[in-house]
Structures are given as C-alpha cells and as structure tokens.
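A.B. asks: pasting a predicted model and its sequence here:
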Amino acid sequence: MAYSFLLPILVISINSLLIQTALSASPLFSICSSTQNFTTNSLYERNLNKLLGDLYFKTPPTGFGFGSSGQYTDRVYGLSLCRGDVSTNDCKTCVVEASSHVTKICPNIKGAVIWYDNCYLKYSDVNFHGTIDNRNKFYMWNLNNVSTNAELFNQKTRELIGNLSTNASRTSKMYANGETDIGIESKIYGMAQCSRDLSRDDCKKCLDGAVSELPSCCGGKQGGRVVGGSCNIRYEIYPFLN
Ligand SMILES: *[C@@H]1O[C@H](CO)[C@@H](O)[C@H](O)[C@H]1NC(C)=O
Ligand SMILES: *[C@@H]1O[C@H](CO)[C@@H](O)[C@H](O)[C@H]1NC(C)=O
Ligand SMILES: *[C@@H]1O[C@H](CO)[C@@H](O)[C@H](O)[C@H]1NC(C)=O
Ligand SMILES: *[C@@H]1O[C@H](CO)[C@@H](O)[C@H](O)[C@H]1NC(C)=O
C-alpha cells in the first residue's frame, strides 16, 4: 500500500506498566529523521548546539519551546514539549536528557525526534513549525486485553479521547486530561496533547487522526498510545499522570 510506504510508521509493543516503573528516564522511542549529515565542528553543529541550549532555557517555564538557529542551509529548527502535567523541574530534567541522548543516538544527522514519558524533542534542517507531522509516529499498547465487553470499552475510550481532543485544542496549553467510568468499579484515564506551534484547527485535526488509529493499534487493549511529532494521545485503566 502506497500509504504505508510513504509514512514509515514504526510499531512497538511494550507493557506500559513496565515503562512506568523501570524505565521512566529512558526514551520511549527515537527516530533519526533526516538523510542529511553534518560534519563535526561545522556551522550546522554549532547552530544545533545553540538551539538545544535555547530550548533548555525556553521550555521548562511554560512546558513548550521552539525556535531556530542560524541561516540559510545551516539553519536548524527545533521544538521541545513537556507533557501538560509535568513540573518545571521534571520538564528541565527531561529536556536535558533528551538533548544529550538524541545527539548520541543520531550522531551527525541533521534531523531527529526523541520521545520520553515526560517530554519530546525534535529538530530538523527543514522548517516544520506550524505543520502537522505525519511522518514521525509510533504506537504503544498494554499487552493485556480488556477482560469483558471490549466493544463498550473501545467505544468509551474513543469518546473520552475524542472529548479530550476537543478540549485540548481549545486551551492555550493544548493539553487536556480526564477520566470516564466504565461499569461500577473501573475507569479509563486519558490525555491528549498538541505541540503549541499548531493552530487550534490543526491540533484538532492531528488528534482526530490519532484517535482514528486507536482501533488498529490498541483496540481491546487495557492501555494505548498514539505518539507523533505534533500530537499524542494516551489512555490507561490506571491513573498515569502526576
Ligand atoms: C550519514 O552518516 C551515516 C552514519 O555515520 C552514514 O551511514 C551515512 O551513509 C551518511 N550519509 C551520507 C549521505 O553521507
Ligand atoms: C489478547 O488477545 C489477542 C487476540 O485475541 C491474543 O492473541 C492475545 O494472546 C491476548 N493477550 C493476552 C495477554 O491475553
Ligand atoms: C463526551 O462529550 C459528550 C458531549 O459533551 C458527552 O455527552 C459525553 O458524556 C462525553 N463522554 C465522555 C466519555 O467524556
Ligand atoms: C471538556 O471540557 C468541558 C468544559 O470545560 C468539561 O465539562 C468536560 O468535562 C471536559 N471533558 C473531559 C472528557 O474532560
């Protein structure tokens, strides 16, 4: 199918509980997204380092930073976004870790994205500000199946995340979290978040796209995430936010 060829979508399956406890400071995933290289001590490398330094200062106070550094072919564009509920300190820790780790994983590569539970960071030699990133994306799901009435569970999940998507696109932080009851003693917890370089309409569009992928990645699973370079959604049957 041409679609899947054009969008190199990567799939991993990890028990979310494991990630929460054991690997909270490890990246969830990363993509070296450019085919272009730069050489050590080049202007591009200096611009990238300057940009990463800027993001480190800009991001923690509001949870979001973006910018560019340099000019013409040596210009590098970047952003970092912390999850909406993450403290300034944890945001700072995450952005520092992301910067140092991604430049090791993707050495001398002009574009990369790295995701953690608490934040993600992205840079490129191509200006991506204000456009929905459909290329860099991955999925995670809890290996455990919902034990009863998967139909209702899936429907409630989509409804919750759909509502959260609407709410996220209407707030200045472009983030929303919430929960819904299913049955007497169980709940679904969810969140939706966009990168704040998107317009409200594009935020909604990005999240709607993610929600539409829930059945194929995560249908009937106790937890799931669709995580992209512009927006992400997550649901679990336990509270996972701070
Ligand atoms: C870029 O660097 C990678 C890793 O060092 C190498 O495999 C690749 O061939 C290089 N690509 C170009 C276009 O030089
Ligand atoms: C969940 O359901 C799928 C499909 O019915 C099955 O292949 C898988 O083994 C189940 N997983 C668990 C952990 O029970
Ligand atoms: C979603 O929003 C609709 C309309 O406001 C509401 O009727 C419904 O109960 C909400 N569902 C969930 C799961 O939040
Ligand atoms: C969305 O926002 C409305 C208005 O603030 C609120 O009543 C509703 O509960 C929110 N939906 C969810 C699913 O949190």
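C.D. replies: Structure's in. What do you need? Numbering: from 1, shown residues only. Ligands and ions are numbered 1, 2, ... in the order given.

A.B. asks: only C-alpha atoms from now on, for both contacts and neighbour counts.
C.D. replies: Noted.

A.B. asks: in three-state terms, label the residue in the chain positioned nearest to ligand 4 for me.
C.D. replies: When scored by C-alpha to the nearest ligand atom, the chain has G178 as its residue closest to ligand 4, at 4.3 Å. Following DSSP: H, G, I helix; E, B strand; the rest coil, the label given to G178 is strand.

A.B. asks: show me what it is bridged to.
C.D. replies: G190 (DSSP bridges).

A.B. asks: residue numbers of the protein in contact with ligand 2?
C.D. replies: L143, N144, N145 (C-alpha under 6 Å from any ligand atom).

A.B. asks: export the residues you listed to JSON lines and tack on pLDDT?
C.D. replies: Output for those, formatted as JSON lines (pLDDT from 0 to 100):
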{"residue": "L143", "pLDDT": "95"}
{"residue": "N144", "pLDDT": "96"}
{"residue": "N145", "pLDDT": "96"}
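
A.B. asks: what about these, which one has the most neighbours?
C.D. replies: L143 (17 neighbours; other C-alpha atoms under 10 Å).

A.B. asks: next, work out how far apart S34 and ligand 2 are.
C.D. replies: According to C-alpha to the nearest ligand atom, to the nearest Å, S34 stands 36 Å off from ligand 2.

A.B. asks: that residue contacts P107, doesn't it?
C.D. replies: No: assessed by C-alpha atoms under 8 Å, S34 is found out of contact with P107, at 11.3 Å.

A.B. asks: read off the pLDDT value for the closest residue in space to W141 that isn't next to it in sequence.
C.D. replies: Closest residue to W141 apart from its sequence neighbours, by C-alpha to C-alpha, 6 or more residues apart in numbering: G224 at 4.1 Å. Model confidence at G224, given as pLDDT, is 98.

A.B. asks: what bridges to G224?
C.D. replies: W141, Y235.

A.B. asks: residues contacting it?
C.D. replies: By C-alpha atoms under 8 Å, 6 or more residues apart in numbering, G224 lies in contact with Y139, M140, W141, N142, L214, C217, C218, R234, Y235, E236.
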